[in-house]
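Q: Pasting the sequence and the predicted model now:
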Amino acid sequence: EDKVVQSPLSLVVHEGDTVTLNCSYEVTNFRSLLWYKQEKKAPTFLFMLTSSGIEKKSGRLSSILDKKELFSILNITATQTGDSAVYLCAVEDGRSGGGADGLTFGKGTHLIIQP
Amino acid sequence: GAGVSQTPSNKVTEKGKYVELRCDPISGHTALYWYRQSLGQGPEFLIYFQGTGAADDSGLPNDRFFAVRPEGSVSTLKIQRTERGDSAVYLCASSKIAGALGELFFGEGSRLTVL
């Protein structure tokens, strides 16, 4: 059974701080790892990672994957109050192909940025 | 439509009742997914449609849950004899290409409360 573990489960920091969110996984046939931001209800896509060691970057957010150690990190620099959200990590298992089984999500990291 | 639309946004029902939750995916998206998210948890996969057919329904918890997508667009998730444990946010997501989970777009969800 595929498994995704995120840490920490919650984190409170001050505006301007840098945060690192962790995601470790176990998957039968790894295809991709995805990060989502969930502010209220709908998760919104951040990154998809398929190869080790290649950093994906979008503004103040960046992410990297280590397929040997089976983990990924999401970094947010110069945090702002608008970064407050639940950050979800998910893995795609390619054993069935074609998107079957969907994604396996972790519980998420609840990030709160205090002004 | 511009995004994935789900109705109702909130549904309160009594134990034992029947409910239907509707999802209208982004126009042209062939793949449609249903997820369930309980408080403090990540989304949990329920069922995946490719066109009109359910390509994978392995995530449906039991036979009280059923979903259809008769014309390959709008999907309805049906829950019979609801139980208090069914209370959750039911998220629908769609993607243009089956298997392109990095391009998964989520709706705002339907919050179901079973009293």
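A: Good, I have the coordinates.

Q: residues near whichever residue of chain B sits closest to chain A, how many?
A: Nearest residue of chain B to chain A: B:Gly42, at 3.1 Å (Cβ to the nearest Cβ). (C-beta placed from N, C-alpha, C; glycine too.) B:Gly42 is flanked by 22 other residues according to other Cβ atoms under 10 Å in any protein chain shown.

Q: Could you pull up the residues touching it?
A: B:Gly42 sits next to A:4, A:88, A:90, A:105-108 when contact means Cβ atoms under 8 Å, 6 or more residues apart in numbering or on different chains.

Q: so who does residue 2 touch?
A: Since you didn't name a chain, this refers to chain A. By Cβ under 8 Å, 6+ apart, the residues touching A:Asp2 are A:25-28, A:91, A:93, A:104.

Q: Can you look at chain B instead?
A: B:Ala2 makes contact with B:Ile26, according to Cβ under 8 Å, 6+ apart.

Q: for it, helix, strand, or coil?
A: Per DSSP: H, G, I helix; E, B strand; the rest coil, the local secondary structure of B:Ala2 is coil.

Q: residues in contact with the spatially most central residue of chain B?
A: Nearest to the mean C-alpha position of chain B, by Cα atoms, centre = their mean, lies B:Trp34 at 3.3 Å. Contacts for B:Trp34 (Cβ under 8 Å, 6+ apart) come out as B:23, B:46-48, B:67, B:75, B:77, B:90-92.

Q: Phi, psi for the residue of chain B closest to chain A please.
A: Main-chain torsions, B:Gly42, degrees, to the nearest 10: phi -80, psi 170.

Q: Can you show me the strands along the chain?
A: Using chain A. With DSSP state E as the criterion, chain A has strands at A:3-7, A:10-14, A:19-26, A:30-38, A:43-49, A:56-58, A:61-66, A:71-76, A:85-93, A:103-105, A:109-114.

Q: think we crossed wires, I meant chain B
A: Shown for chain B, the strands assigned by DSSP E span residues B:5-7, B:10-13, B:19-24, B:31-37, B:44-50, B:53-56, B:65-68, B:75-79, B:88-95, B:105-106, B:110-114.

Q: Deepest in the core, which of these is it.
A: Ranked by mean neighbour count, the strands of chain B are led by strand B:31-37 with a mean of 25 (mean count of other Cβ atoms under 10 Å in any protein chain shown).

Q: what's the angle from that one to strand B:88-95?
A: Put simply, strand B:31-37 runs at 160 degrees to strand B:88-95, going by axes from the mean of the first three to the mean of the last three Cα atoms, to 10 degrees.

Q: Sheet-wise, list the partners of strand B:31-37 with their directions.
A: When pairs are called by DSSP bridges, strand B:31-37 turns out to pair with strand B:44-50 (antiparallel), strand B:88-95 (antiparallel).

Q: on that earlier part again, okay if I get the contacts of B:Trp34 as TSV plus pLDDT?
A: TSV is the format used below for the contacts of B:Trp34 (pLDDT from 0 to 100):
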residue	pLDDT
B:Cys23	98
B:Leu46	94
B:Ile47	93
B:Tyr48	90
B:Ala67	96
B:Ser75	97
B:Leu77	98
B:Tyr90	98
B:Leu91	97
B:Cys92	96
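
Q: out of these, who's nearest A:Lys57?
A: B:Leu91 (27.4 Å; Cβ to Cβ).

Q: show me the contacts for the closest one.
A: Contact partners of B:Leu91, counting by Cβ under 8 Å, 6+ apart, are A:41-43, B:6, B:34-37, B:43, B:106-107, B:109.

Q: same question, B:Ser87
A: Residues near B:Ser87 by Cβ under 8 Å, 6+ apart: B:38, B:112-114.
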